[in-house]
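Asks: The amino acid sequence is not available; the structure is as follows:
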Ligand SMILES: [Zn+2]
């Protein structure tokens, strides 16, 4: 299992968690949150909300703008056992 951080909207087959970039209004939306790949794919297909590692639930939007990674998500992500880098 591998993970990676991608600032774009590409969905990689080999990544399990990656940040997604949301531009909705609100404080948490100013961050990029880590979301499980499967949930992102499901959201892209069905428009269902995703759940970030920090617990935030929202429907991600696709936008090339870069946002700082949510500190809560990053803390959780870095504590995960599978981080090959
Ligand atoms: Zn977060």
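Replies: Noted; the coordinates are in hand. Worth saying up front: this structure is predicted, and the values here are computed from it rather than measured.
Asks: For this protein, list the residues in contact with the ion, please.
Replies: Near the ion, the residues belonging to the chain are 33, 52, 54, 70, 72, 73 when assessed by CB under 5 Å from the ion. Quick note: C-beta positions are derived from backbone N, CA and C, even for glycine.
Asks: if you look at these, which of them are in helices?
Replies: The helices, defined by DSSP state H, take in 72, 73 from those.
Asks: Give me the buried subset of the residues of the chain next to the ion.
Replies: When the residues of the chain next to the ion are checked for burial by 16 or more other CB atoms under 10 Å, the buried set is 33, 52, 54, 70, 72, 73.
Asks: Identify, from the residues you listed, the entry nearest to residue 60.
Replies: residue 33 (8.3 Å; CB to CB).
Asks: Which parts of this protein are strands?
Replies: Under the criterion DSSP state E, the chain contains strands at 17-21, 32-36, 50-51, 57-58.
Asks: Determine which of those shows the lowest mean per-residue pLDDT.
Replies: Among those, strand 17-21 carries the lowest mean pLDDT, at a mean of 64.
Asks: Need the pLDDT of residue 79.
Replies: pLDDT recorded at residue 79 is 91.
Asks: An error on my part: the question was meant for residue 53.
Replies: Looking at residue 53, its pLDDT stands at 92.
Asks: residues touching it, list them.
Replies: Contacts for residue 53 were tallied using CB atoms under 8 Å, 6 or more residues apart in numbering; they are 17, 33, 34, 35, 72, 73, 76, 77.
Asks: Ignoring the adjacent residues along the chain, who's closest to residue 31?
Replies: Distance criterion CB to CB, 6 or more residues apart in numbering; nearest residue to residue 31, sequence neighbours excluded, is residue 70 at 3.8 Å.
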